[in-house]
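Asks: Build the 3D model from these lines:
(one chain, ligands or ions: 2)
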Amino acid sequence: MTIAGKPLPHESARGHVTGGAFYTDDLLARFPNVLHAWPVTAPHAHARVTSLDAAPALEEPGVVTTLTAADAPGEADSGPSRHDEPLFPTEVMFHRQSVAWVLGETLEAAQRGAARVRVSYEALPAILTIQQAIDTGSFLTDTLRLARGDVAALDRSALRIDGELSIGGQEHFYLETQAAIAWIDETGGVVAQSSTQHPSQTQEIIARVLGLTRKDVTVECVRMGGAFGGKEVQANAWAAVAAIGAWKTGRPVRVRLTRELDMALTGKRHPYLVRYSAGFSSAGLVEALRIAFFSDGGFSLDLSEPIMWRSLFHCDNAYYLPNVEATGRVCRTHKTSQTAFRGFGGPQAMVAIEDILSQAAQRLSIPADVIRERNFYREGHVTHYGQTVDDAPRIDRIWRQLKATSDFDARRAAVAAFNAQHDEAKRGLAITPAKFGISFTASFYNQGGALVLIYRDGTVQVNHGGTEMGQGLFTKIRQIAADSLGVDAERIRLMATRTDKVPNTSATAASAGTDLNGAAVADACRQLRARLDAVAADLGKDVAFEELCEAAYMRRVPLFAQGYYRTPDIHFDRATGRGEPFHYFAFGAAVSEVEVDRFTGDYHVRRVDIVQDAGDSISPVIDRGQVEGGFVQGMGWLTLEELLWDEDGRLATAGASTYKLPSWSEMPPDFRVSFLQEARQSNVVFGSKAIGEPPLMLAISVREALRDAVAAFGNGDLGGNNLGGNSVTFDSPATPERIFFAVRQVRAERLSAEARGAKADASLR
Ligand code: MTE
Ligand code: MOS
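Replies: Ligands and ions are numbered 1, 2, ... in the order given. From the prediction side, this is the model:
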């Protein structure tokens, strides 16, 4: 191993910063006769389409044609699981849903045409909140359930906490909005260049809407300008519309959503409502937890069911729960269909359990870090779904290392000293762990494929099923291929992801891109290396790689190989709620320190320290980028980013002007990321570990540090003083407004406690 483990720059870094990197919409320049598509969108959250007349659009100069239900030769539905996402709906299910499309010589022509399409609607009542959905029985799934032991233990616990927590969703805000271009190739096949995490499924949906088979459709993805789960299934519809347009007109058709359209039309992270009852011993051990998750799935099923499963799998985070009943149900509302987003339902559940533990710490006057530590999984412990936490001691190792390197105890004292001297501002400090299960919980997705080609001149093309979205998958795979073949990285070219090179691929998701596709590439390279080694032995002398390849060719040794990998030993039975759904767990922990202003609720993060378990990192610079980016994205979700819908179901925050995103000004000024050492993961490619999603959940430490600071406005820090049995709670995101009101409440509680205390003192005299 010489190239893996080196801090190589991202293979597209130069292209990213120079603008040279190619993205889907850049194809535009290659197609002078391309048509531009623009949707006709509905002004209701829920309505019946009573009539649609597209003909007036054709009077607009530059409009070429319109797309309505009659134009799809196949089934015009892009629903990935249920077929519940009609491309030309007769019942509008969310505000701005597209009901027809217009194709124009220019985007402006298509837009003018769309404005001319006459649609009448009969408005219907809309369900816009989780509570309304529960009240009216509007659900997309049955109740899913994972349980162990007996939650009746709740009634015998020394401390019982009952509560409700509302957790907001999140807009992906990938820099590159949804985009696809489709055309008919020289042989009559349909080709699409699509910004998709899942080219094989985009291929499937295009074949479905055109009534073709998969062999007739090729999908390519060069790279995405960010996806974050938002293009796992939600890229398909746009590629399907482009394909229908290309099929109808014979010309290339381009769909690219503007930022405003993208925010209005595409799904987000699911908002959650969580109801819980938790029982604790006086020492702070969780004795029982009953927890019910309700997610806002929006109008269609999408990936909401596996996302809810992942919530149920992660309601323990890093803690052993002896008695637990976790249930989850996806609510159907008249909103965009909520979808995958980094963490995939894990984050919401982990926010909930961390919230509960912090409240218990406050109520029991046990420091929050101590209560967390006491509840950690230990060696031999089994999760509530029957999987042994093999590497439980890693949680302890990470925790101890981080506490030492972050100077946790000394800073705890420094924060208390600051707080004793300041009434206008308080600081908070918190440490939280994260344990995240790696593998798709639908076991069949856990496979990867590769096709590696060596040319006679000793250069190599690597094809595999994964897609590049900025996460550095291609960089890592290049390193894996180089080491597996024993050549320099410069010899190796990573090819765009194409369905005609590697078929039946899984989405690049669940953080498993390198684990699956990297292992498949390594498999192909091993076969090739063995063939080349045999040739070298035959030659009887050391020759340069290109000479060896030429010699192999002359000896009629094939220089291409397919590679394949399937994750071993994973299974899960939904009916019994038992199995080993994860190949392994990724662990990490973070310490965050914040300062909160009493008068405005405004706050800033002062310092963040992270220790992440990346196994034997294949690409340390890439992994650091994933940790920093994931953390800041999580912090945005938990603190700043707030999705608001108005009473008509219109997304009120459909632009960067109203939806606040973290920017450089929110970056922790002191940000220290390190990796667990000697952390080789057995049975994973090159001993590495998945890194894409887990760091996002480390941002929960910021939410908990804010809670710590708010508590200090009441009766001091949580390291000893409590609030007279009260605990600080607030919904997510912890915006400055929410923090302001939380501060006001704890101050009011303190003042009334002091007044009572004064009275008690007076009565003594
Ligand atoms: N990093 C960047 N820069 N852009 C992205 O879109 N997506 C995240 C994560 N990191 C994303 C990212 C998500 S949701 C996942 S599942 C993983 O990358 C997917 O890639 P991997 O499996 O190769 O880690
Ligand atoms: Mo990531 S949410 O699994 O695409």
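Asks: show me what contacts residue 323?
Replies: 148, 149, 150, 151, 152, 153, 154, 287, 288, 289 (C-beta atoms under 8 Å, 6 or more residues apart in numbering). For every residue, glycine as well, the C-beta is placed using N, CA and C.
Asks: So which of those residues wins on neighbours?
Replies: Neighbour counts for these, by other C-beta atoms under 10 Å, peak at residue 289, which reaches 28 neighbours.
Asks: So it, which state does it fall into?
Replies: Look at residue 289: counting by DSSP: H, G, I helix; E, B strand; the rest coil, its state is strand.
Asks: how about residue 416, phi and psi?
Replies: Backbone torsions of residue 416, given as degrees, to the nearest 10, read phi -60, psi -40.
Asks: Tell me, how many residues neighbour it?
Replies: Neighbour count for residue 416, taken as other C-beta under 10 Å: 19.
Asks: quick one: it and residue 557, what's the gap?
Replies: In this view, residue 416 and residue 557 are 71 Å apart by C-beta to C-beta, to the nearest Å.
Asks: ok, now residue 95?
Replies: 61 Å.
Asks: Likewise for residue 216?
Replies: To residue 557, residue 216 is 34 Å away according to C-beta to C-beta.
Asks: likewise residue 380?
Replies: Distance from residue 380 to residue 557, by C-beta to C-beta: 50 Å.
Asks: Settle it for me: which of those two has more neighbours?
Replies: Taking other C-beta under 10 Å, residue 380 and residue 557 do not tie; residue 557 has more neighbours (15 against 9).
Asks: name the element the more buried one belongs to?
Replies: Under the criterion DSSP states H and E, no helix or strand holds residue 557.
Asks: That one - nearest residue in space that isn't next to it in sequence?
Replies: Nearest residue to residue 557 in three dimensions, chain neighbours excluded: residue 531, at 5.2 Å (C-beta to C-beta, 6 or more residues apart in numbering).
Asks: is it true that residue 279 lies in a strand?
Replies: Yes: using three-state DSSP, the assignment for residue 279 is a strand.
Asks: Which residues are in contact with the closest residue to it other than its chain neighbours?
Replies: Distances taken as C-beta to C-beta, 6+ apart place residue 157 nearest to residue 279, at 2.9 Å, with adjacent residues excluded. Contacts for residue 157 (C-beta under 8 Å, 6+ apart) come out as 279, 280, 281, 287, 288.
Asks: repeat for residue 448
Replies: Contacts for residue 448 were tallied using C-beta under 8 Å, 6+ apart; they are 464-466, 505-506, 515-520, 564-566.
Asks: so of those residues, which ones are in strands?
Replies: Of those, the ones assigned to strands by DSSP state E are 464, 564, 565, 566.
Asks: Could you pull out the buried residues of stretch 96-108?
Replies: The neighbour-count check on stretch 96-108 (16 or more other C-beta atoms under 10 Å) flags 96, 97, 98, 99, 100, 101, 102, 103, 104, 105, 107 as buried.
Asks: Contacts only, for the fourth one.
Replies: Read it as residue 99. Residue 99 makes contacts with 39, 40, 41, 42, 49, 52, 88, 89, 92, 119, as judged by C-beta under 8 Å, 6+ apart.
Asks: near ligand 2, which residues of the stretch 151-300 of the chain?
Replies: Proximity of the stretch 151-300 of the chain to ligand 2 (C-beta under 6 Å from any ligand atom) is limited to residues 197, 229, 232.
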